[in-house]
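Structure for the following, please:
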Amino acid sequence: MTYLSAVPAGLLLPALCMAAVPNQQGPNHEMGGIDPTRTSSGPRQIMEHLPSNLLSLTVHPQTPDPWVERLAVSVTRAGGQLHLTYVLEGRLSHLRIPSKEVSHLEDPLWEHTCLEVFIARPGEARYHEFNFSPSGAWAIQGFRGYREKVGSPLTVGPRIAVEVAGNRLVLDAEISLDSLSPAHGAAPLKLALAAVVEHQDGTKSYWALHHGVGQPDFHKPECFTLLLPEGGIGSRP
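The predicted structure is shown next:
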């Protein structure tokens, strides 16, 4: 993996991802995909039209970060699609930001800088984890319960666009909820929002909308604090 040694103003990293992945269907998952005909705003539009409903992530108290000034996420839902916009601001030259690559499935992304979302349905132990890298790489993992892995239901990856300019990185991701199961597209959801930020010296900070007790662990049930009604914008209880 290569990294940006500096972040020139106006550098665009388009990473529209439609890469196919092998069938990794696990128990209790329905196969599905993302419609390749749908459209998405380009990277330049992302930076010019940041959403107003950004939710601020906080750094874990055990991993303070002197280089990140702000890390926030916008979450919206419409037409069976989950749309996330991550905004990272700070002294990016002190962070390991992966260079743009051909979009592909890569695991584990969480060992380096990546932006994450965990998706569950209220009342169910099952959930899915998505990781998005500034390189355009992505990963998904299904779980039947806390850290109990099962196969991924996806045959097509999420759609991603990335832009880096000055002290700001913006990553836009779109997920087909129907590809997780037929019920996900119409059901209310509970989300955990998180991020891993790697520094140039290899140390990392861990960010989340809500942290559980103890070591950083985004899989904990108490981290799923964002309630997302069908066709709505997320809200916290």
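
from here on, contacts and neighbour counts on C-alpha atoms
Fine.

Tell me which residue is most central in this structure.
Nearest to the geometric centre of the chain sits Glu116, at 3.3 Å (C-alpha atoms, centre = their mean).

now the nearest residue to Arg126 once chain neighbours are set aside: how far from Ala208?
Using C-alpha to C-alpha, 6 or more residues apart in numbering and skipping the chain neighbours, the partner closest in space to Arg126 is Arg144 (4.3 Å). Arg144 is 22 Å from Ala208, where distance means C-alpha to C-alpha, to the nearest Å.

low-confidence ranges in the protein?
Scanning the chain with the threshold set as pLDDT under 70 gives 1-48, 102-107, 153-156, 231-237.

repeat that for 80
Scanning the chain for pLDDT under 80 picks out 1-49, 100-110, 151-157, 230-237.

right, and His60 touches Leu209 too?
No: using C-alpha atoms under 8 Å, His60 makes no contact with Leu209, being 10.1 Å away.

the more surrounded of the two?
Leu209 (23 against 19; other C-alpha atoms under 10 Å).

before we move on, what SS does the closest residue to Ser56 other than its chain neighbours have?
Spatially, and ignoring its direct neighbours in sequence, Ser56 is nearest to Ala72 (4.2 Å; C-alpha to C-alpha, 6+ apart). Three-state assignment for Ala72 (DSSP: H, G, I helix; E, B strand; the rest coil): strand.

In terms of neighbours, single out the busier of Arg144 and Ala208.
The residue with more neighbours, out of Arg144 and Ala208, is Ala208; 26 against 18, by other C-alpha under 10 Å.
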